[in-house]
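>>> sequence and predicted structure, then a few things I'm wondering about:
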Amino acid sequence: MNTTSRITSTRNGPRRSSWLGAMALSVLLGTASHAVLAAELVVVEASGISLEAGTSLDAAKSLKLPEGARVTLITEDGATIKLVGPFDGVPTAAAGGSGGIGASLGGLVASRGADTANLGAVRAGDVAAPLPAPWVVDATRAGDVCITTGSPVVLWRAKAEAESMMALMPADRSWNAEAPWPKDAALLQLPEDVPFVDGGTFVVEMDGNSSALIVHIMPASVKAPKMVAAWLEAKGCARQRSALLKVGG
C-alpha cells in the first residue's frame with residue numbers, strides 16, 4: 001500500500017518529533033499554471049545588472065545590458081535566451097541563442113545519462129528511478145531540486161519496504177527535525193513552515209546515508225507549462241522536468 005506521511009514544524013531551533021498524517025496525492029501534480037495574458041519573459045539568472053531572478057519582462061520591449069552584464073531569460077514557449085552585454089534591443093533567440101522545449105526533449109536522454117554518471121560516482125551501480133510526479137523531491141539523492149510556492153514540499157523514496165528514521169536540516173545545522181518514515185509509505189509531506197531558502201542547501205539523513213539538496217524555489221512569474229519546463233531545465237532539475245513532460249505539463 002502506497003501512503004503519504006507528514007512531519008510538522010521545524011522552525012526556530014532544533015527539535016525532534018514524530019508526526020504522521022494523510023494527504024491527497026493530487027497536490028503533487030500541480031504546477032501553479034495560470035492564464036498568461038501577455039507575452040512575457042522571466043529572468044532566471046542575472047549579473048551585472050539590477051534584475052532579480054523571477055522578474056517578468058515584456059517580451060516586446062528592449063533590454064539594455066552594460067558591458068559584462070549577463071542575463072538568462074525564458075519565454076512562454078519554453079525557449080531559453082542568454083544575453084551578454086553590451087546589448088541594447090529586444091531579447092530574441094537570434095540575439096542570444098536559445099533552446100526551446102524541442103531541444104529539451106532532444107537532450108533528455110543525454111542529460112539522463114549525465115545525471116546517472118554523476119550520481120554513479122557517489123553510489124556505484126545505483127540508477128535513479130523515474131519520479132512519480134513532477135513536484136516531489138527525491139530524499140535519497142544529492143543535487144538540485146525544485147519546489148513551488150504555496151504547495152507543501154513532499155519527499156519521496158523509491159524503496160519503502162521498511163520503516164526509516166529521516167532527519168532534515170540546513171547545511172549549517174541551525175535546526176534539526178526527525179520523523180519516522182513508515183513502512184510502505186513512499187511519500188512524506190513536510191510542514192508548510194519549513195524555512196527553505198532559494199539556493200540554500202539542505203541535508204537529508206536516512207538509513208546511514210546523507211544527501212545534500214540544493215533547493216530552487218520557482219517564482220510565481222513562471223506560469224506557462226513550457227516555461228515551467230524550461231525553468232526546471234535551467235535549474236538542473238532534469239528528473240522533475242522529465243516527470244513534468246511525461247504528464248504533459
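Everything's here; your move.

>>> use CA for all of it now, contacts and neighbours both
Noted.

>>> can you list phi and psi of G48 for me?
Backbone torsions of G48, given as degrees, to the nearest 10, read phi 80, psi 10.

>>> now it: how far from A158?
Counting by CA to CA, to the nearest Å, the gap from G48 to A158 is 42 Å.

>>> just A142 next, same as before
Relative to A158, and taking CA to CA, A142 is found at 14 Å.

>>> how near is the spatially most central residue of the chain to A179?
In the chain, the centroid-proximal residue (CA atoms, centre = their mean) is C146; its distance is 1.0 Å. Here the distance between C146 and A179 works out to 22 Å (CA to CA).

>>> again, but for W135
Taken as CA to CA, the span from W135 to A179 is 21 Å.

>>> please identify which of the two sits among more neighbours.
W135 (26 against 20; other CA atoms under 10 Å).

>>> got a pLDDT number for the more buried one?
Here, the pLDDT recorded for W135 equals 96.

>>> that one contacts S151, doesn't it?
No - using CA atoms under 8 Å, W135 makes no contact with S151, being 9.3 Å away.

>>> in the chain, which spans are helices?
93-96, 101-106, 108-120, 225-234, 238-246 (DSSP state H).

>>> mind listing what's buried along the last one?
This means helix 238-246. For helix 238-246, burial by neighbour count (16 or more other CA atoms under 10 Å) applies to A238, R239, Q240, R241, S242, A243, L244, L245.

>>> just stretch 186-200 next, same as before
A186, L187, L188, Q189, L190, P191, E192, V194, F196.

>>> any idea how far the fourth one is from T201?
The one in question is Q189. Taking CA to CA, one finds Q189 at 19 Å from T201.

>>> and V84, what is it in contact with?
Residues near V84 by CA atoms under 8 Å, 6 or more residues apart in numbering: L65, E67, G68, A69, R70, V71, G96.

>>> what do you get if the cut-off is 6 Å, keeping everything else the same?
A69, R70 (CA atoms under 6 Å, 6 or more residues apart in numbering).

>>> do the same with L244
Going by CA under 6 Å, 6+ apart, L244 touches P134.

>>> per-residue pLDDT, it?
For L244, the model assigns a pLDDT of 95.

>>> repeat that for A110.
36.
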